[in-house]
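Asks: just to be clear, the model below is a prediction. Sequence and coordinates:
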Amino acid sequence: MQSPSRAELFNLLANQAQNCSLCPGMAERTAVLSTLNGSLHPLVLFVAEAPGRKGADRTRIPMTGDRSGVTFHHLLGVAGLRAEEIFITNAVLCSPRSESGANRPPKSYEIRNCTNFLRRTIEALDPPFVVTVGGAALKAVAHIERHELTLLDVGTAREWFGRFLAPVYHPSPQVLISRRSLTQQEEDWRMLSTELRNYSSRMTATASVVSPTSGERMT
C-alpha cells in the first residue's frame, strides 16, 4: 500500500487542527494552519507565538497584517530568505483573546494542547531548521524535545529533534522598544543567515562527492 504523500499528511493535519476544540477559551476561533502558511518543503520552519487579532487571525497567514508581520518580513529580507524557502506556524494555532477581545499571551495549557499539532507539522514537513520567534515559542518546542537554548543564544543553531534549532526575538513593537531594537534584531538575523549558508554549503559539498546515479562516492 502506497504511503500518503507529504501534502496528504499535511492536509489531514490542517483539517484536524481546524476542527480542534480542546481549549474552551478559543472554541470560537479557527486554527491558522493551511498551505497559506508556506512551502511544504521548507528550509526553515518558523514557530511564532500565536495568531494576532489584527494579523494572522484576520489574514489567515502567519506574520502578516500587522506591524509585527511587517518587521518580520523585513528581517526575512535581511537574512536573504525567500518565501518558497519557509513555512510559518505558531506555538498556539488559534488567536488567544482577553474578555475585551484584545490579544493576550497564550496560557500554558493552550501551548500544551497544541504541542501535538506542532510536533506533527515538524515531522510532516521535515525542515532542516526550526527557528523560534520569541520566548513563548522557544519554550513551546521544549515540549517536543528538551533543549537548553535561551534568547541569549539568539541567531545560533543547535542540534534538536533530528534537525537544527535556533531562536530569535519576536519582532513586535513592544519588543523592539523595550528588549531588542531593530538594529540588534537585524544583526541577529544576519547571524542566522550565516548558519543557514554554512548548512547549505555543507549539503552542496556532500552532494558533489556522491554519484547521482549509483550513490557511490566519486573518485
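Replies: Nice, I can see it.

Asks: distance of the nearest residue to residue 67 once chain neighbours are set aside from residue 72?
Replies: Using C-beta to C-beta, 6 or more residues apart in numbering and skipping residues adjacent in sequence, the residue nearest residue 67 is residue 173, 5.3 Å away. Yep, even glycine has a C-beta here, placed from its N, CA and C like the rest. As judged by C-beta to C-beta, to the nearest Å, residue 173 and residue 72 stand 12 Å apart.

Asks: so which of the two has more stuff around it?
Replies: residue 72 (24 against 12; other C-beta atoms under 10 Å).

Asks: the more buried one touches residue 61, doesn't it?
Replies: No. In this structure, residue 72 is not within contact of residue 61 by C-beta atoms under 8 Å, at 11.3 Å.

Asks: where do the helices of this protein begin and end?
Replies: Under the criterion DSSP state H, the chain contains helices at 6-18, 56-59, 67-79, 108-125, 135-141, 173-178, 182-208.

Asks: how about these, which one is nearest residue 38?
Replies: helix 108-125 (8.9 Å; C-beta to C-beta).

Asks: now the spatially most central residue of the chain: how far from residue 19?
Replies: The structure's the chain has its C-alpha centroid closest to residue 46; by C-alpha atoms, centre = their mean the separation is 1.8 Å. Residue 46 is 24 Å from residue 19, where distance means C-beta to C-beta.

Asks: buried deepest among the helices of the chain, which one?
Replies: Among these, the stretch with the highest mean neighbour count (mean count of other C-beta atoms under 10 Å) is helix 135-141, at a mean of 22.

Asks: list of residues touching that one?
Replies: The contact list for helix 135-141, computed with C-beta atoms under 8 Å, 6 or more residues apart in numbering, reads 47-50, 90-92, 105-106, 111, 114-115, 118, 130, 132, 147, 149-151, 160-161, 165, 167, 170.

Asks: could you check the pLDDT of the residue nearest to residue 154 when sequence neighbours are not counted?
Replies: Leaving aside its chain neighbours, residue 154 sits nearest to residue 188 (4.8 Å; criterion: C-beta to C-beta, 6+ apart). At residue 188, the predicted lDDT confidence score is 98.

Asks: hmm, residue 188 is touching residue 166, no?
Replies: No. With contact defined as C-beta under 8 Å, residue 188 does not reach residue 166; the gap is 9.5 Å.
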